[in-house]
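Asks: Make a model of this:
(one chain, ligands or ions: 2)
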Amino acid sequence: MNTKSFSRIAIGIRPVIDGRTGGVREELEEQTMRMAHSVASLIQHNLRYSDGAPVQCLIADTCIGGVQEARAADEKFARANVGATISVTPCWAYGSETIDLDPLRPKAIWGFNGSERSGAVYLAAALAAHNQKGLPAFGIYGQEVQDKDDDTIPDDVGRKLLQFARSAIAVAEMRGKSYLSIGSVSMGIAGSIVNEDFFQSYLGMHNEYVDMSEISRRIHLNIYDDEEYKKAQAWLQKHGKEGTDFNTPQMQLSREKKDDIWRFVVKMTLIIRDLMVGNPKLAELGFTEEAFGHHALAGGFQGQRHWNDYLPNGDFSEAILNSSFDWNGIRQPFVVATENDSLNAVTMLFGKLLTNTAQSFVDIRTFWSPESVNRVTGVKLEGPAAGGVIHLKNSGSVALDSSGEQMIGGKPSLKPFWDITEEEMLRCLDATTWHPAHQGYFRGGGFSSHVLSRGGMPITLSRLNLIKGLGPVLQIAQGYTVDLPEQVHRMLDDRTDPAWPTAWFAPIITGKGAFKDVYTVMNSWGANHGSFSYGHIGADLITLASMLRIPVTMHNVPEEQIFRPSAWLAFGIEEDYVGTDYRACSTYGPLYSSRR
Ligand SMILES: C[C@H](O)[C@@H](O)[C@@H](O)C(=O)CO
Ligand SMILES: [Mn+2]
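Replies: Ligands and ions are numbered 1, 2, ... in the order given. Model (predicted):
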């Protein structure tokens, strides 16, 4: 992305120490600094930014024994674009004098579980100070006692440090970036009514808008890189497989018209990307203003109906941009929401920032109970599909990675772009057929990406909704993609548009609440759309939501994986995990609230 001129977000590490000189402090200096270095090294070795570079950590110049050193660290961090902090300590230190007071930076504290001196005492004192001041912080305290010269990070501590850091980086990455709406509201879909207050107060993001006519202008005035356009065309000749035209013969467009549409949608793709992140090549061509782009970390394309009723739809552009590759090779995926559903774009953005993988935009289309499947196909669903499945099927576009043709340990998966091989990219392309769009819905034509997600992939379906009087809420359902028997898949898929991408989803059922059964998951979904991300990332989504103060309305994440700021426990009894979260989020209010 064209954000080179912006400095990277870093995580600031704060070694906190007992400030009593004349014996105590001196004895602790080295151990405390070593803790800071081992945390920095853990993060740098395990986490990456969206472009694949390792996450940077910055350690305070000195150990922090009091307020002077705390503010000196602040100053260093402010200059270096530090977006979150982790304080570490093996000992007692002066709680409220040493903590990070910046209200906008997510913060965690690791208190070393030792017996000679106890980091736990500081941890508890510092967390109490944070909570008393309304600055929520994550507490990390290892399960097992460590000896004072043990510099290792125990597994449980490491897991929490990384869970915190992944979300903290996501929070910091969003701040100051834009959501770009291309067009406005698609067919009355509420998620495409962009809510500026939400973007600004909860995510620290800005909203940018262009009319869809801007795409048309750039196509007509040749405001795109023609060299890249030719490269893309040649690549498509080789790798783009056109599929069956499912329109009735009278509705089918001529070959000539279809070829025109191919040319058009490739240009649209370059233009949507350029609108989002800019393109220095445009400046060379004399289009200096267009070269900037809109600083967009996510975007959406309205399409229906003002554009699609007479021009080619966005299916191809969205599918390619959301994928981890194109004619330029393997690269980080963009986030482009269908139907300009900005709330689904945010859900996709959360998933992308937490995992660095391509996200799959889906319509939550049909609950197929075992009885309905049996009635229609005569087949009794078995195995993971036995309780019924939810048909996830976007109206024509999905990241090609969703095919599951990338492998981890020989199993279908979606990987960060730096782990995807050339061969896996080709397999994803091979698993995709581009079908002429349904003429009833898309009079202007287009090419829908037909991708069937392979079964057996752990996925997390999520969705952000806005509720007046309450604010944003997040829904999370972990589960698996499933392979239905071939003839069952065909019969069910053919009842709707077979040109569109499909995933059969079996959420993990707990027997309780919204996860009573598959029907209840479907019935509890708060909108027509959702986004799925590879892996069971519900715990990370919950941590991220707590940093942003977005309550989670439903989830099936095991209790032991949940990690939120320590203050959350003060808001209610554990059994009532949803209510506790609501009370905490509403007390703190959005992270970038003007109330502060
Ligand atoms: C083609 C159809 O109109 C779809 O676009 C529509 O059903 C949706 O995707 C709604 O989410
Ligand atoms: Mn839709």
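
Asks: Can you tell me the centre-most residue of the chain?
Replies: Central residue check for the chain by Cα atoms, centre = their mean: the C-alpha nearest the mean position is that of G351, 2.0 Å away.

Asks: Let me see the contact set for the nearest residue to it once chain neighbours are set aside.
Replies: Leaving out its chain neighbours, the residue that sits closest to G351 by Cβ to Cβ, 6 or more residues apart in numbering is S533, at 3.5 Å. No exception for glycine: its C-beta is placed from N, CA and C like everyone else's. The contact partners of S533, by Cβ atoms under 8 Å, 6 or more residues apart in numbering, come to G351, K352, L354, T355, T357, Q359, S360, L414, I459, T460, S462.

Asks: Low-confidence stretches in this protein?
Replies: Within the chain, the segments meeting pLDDT under 70 span 1-5, 574, 594-596.

Asks: For burial, what's the neighbour tally of the residue in the stretch 51-200 of the chain that ligand 2 sits nearest to?
Replies: Here the stretch 51-200 of the chain gets closest to ligand 2 at one residue, I189, 7.1 Å apart by Cβ to the ion. By the measure other Cβ atoms under 10 Å, the count of residues near I189 is 20.

Asks: okay, now the residue lying closest to it once chain neighbours are set aside: neighbour count?
Replies: Spatial nearest neighbour of I189, excluding adjacent residues (Cβ to Cβ, 6+ apart): E339 at 5.4 Å. Counted with other Cβ under 10 Å, the neighbours of E339 add up to 26.

Asks: how far away is E339 from V362?
Replies: E339 sits at a distance of 12 Å from V362 (criterion: Cβ to Cβ, to the nearest Å).

Asks: quick one: common contacting residues for those two?
Replies: Joint contacts of E339 and V362 (Cβ under 8 Å, 6+ apart) are H529.

Asks: about what we covered before: neighbour-wise, give me the winner out of the contacts of S533.
Replies: Q359 (32 neighbours).

Asks: Look up phi and psi at that one.
Replies: Torsion angles at Q359 (phi, psi; degrees, to the nearest 10) stand at phi -110, psi 150.

Asks: Quick one: neighbours of the residue nearest to it when sequence neighbours are not counted, just the number.
Replies: Once flanking residues are discounted, Q359 sits nearest to M348: 3.9 Å by Cβ to Cβ, 6+ apart. Neighbourhood size, M348 [other Cβ under 10 Å]: 31.

Asks: Go ahead and list the helix or strand containing M348.
Replies: Assigned by DSSP states H and E, M348 belongs to helix 342-355.

Asks: That helix vs ligand 1: in contact?
Replies: No. Using Cβ under 6 Å from any ligand atom, helix 342-355 stays clear of ligand 1, with a minimum separation of 9.4 Å.

Asks: what's the following helix or strand after that helix?
Replies: strand 360-368.

Asks: From L591, how far off is W504?
Replies: 37 Å.

Asks: Can you pull the residues of the stretch 301-450 of the chain lying near ligand 2?
Replies: D363, S395 (Cβ under 5 Å from the ion).

Asks: all strands in the stretch 301-450 of the chain, in order from the N-terminus.
Replies: Using DSSP state E, counting those that start in this stretch, the strands of the stretch 301-450 of the chain run over 325-326, 329-330, 336-338, 360-368, 389-392, 406-408, 411-413, 433-436, 447-450.

Asks: re the thing from before, from the contacts of S533, pick the one nearest G404.
Replies: Nearest to G404 out of these is L414 (Cβ to Cβ; 7.1 Å).

Asks: got the phi/psi numbers for the closest one?
Replies: In terms of degrees, to the nearest 10, the main-chain angles of L414 are phi -120, psi 130.

Asks: A298 too?
Replies: phi -150, psi 160.

Asks: next one: D151
Replies: phi -90, psi 0.

Asks: Let me know whether it touches R34 as I believe.
Replies: Yes. Between D151 and R34 a contact is recorded at 5.2 Å, counting by Cβ atoms under 8 Å.

Asks: The two: which has the busier surroundings?
Replies: In terms of neighbours (other Cβ under 10 Å), R34 is the more surrounded of D151 and R34; the figures are 15 against 11.

Asks: quick one, phi/psi of the more buried one?
Replies: When quoted as degrees, to the nearest 10, the phi and psi of R34 stand at phi -60, psi -40.

Asks: How about A72?
Replies: phi -60, psi -40.

Asks: Repeat that for I11.
Replies: Dihedral angles (degrees, to the nearest 10) for I11: phi -100, psi 130.

Asks: what's the answer for the one 4 residues further on, then?
Replies: Backbone torsions of P15, given as degrees, to the nearest 10, read phi -80, psi 110.

Asks: I'd like to know how many residues surround it.
Replies: Residues lying near P15 (other Cβ under 10 Å) number 27.

Asks: what about the strands of the stretch 301-450 of the chain, which gets the closest to ligand 1?
Replies: Nearest to ligand 1 among those is strand 360-368; the distance by Cβ to the nearest ligand atom comes to 4.8 Å.

Asks: picking that back up, which of W504 and L591 has more residues huddled nearby?
Replies: Ranked by neighbour count (other Cβ under 10 Å), W504 and L591 place W504 first, with 25 against 22.

Asks: Am I right that the more buried one sits in a strand?
Replies: Yes. Applying DSSP: H, G, I helix; E, B strand; the rest coil, one finds W504 inside a strand.

Asks: Pull the contacting residues for it.
Replies: A385, V389, I390, H391, L392, S453, G455, T481, V482, D483, L484, H489.

Asks: Tell me how far it lies from N374.
Replies: Taken as Cβ to Cβ, the span from W504 to N374 is 16 Å.

Asks: Repeat that for Q44.
Replies: Distance of Q44 to N374, computed by Cβ to Cβ: 53 Å.
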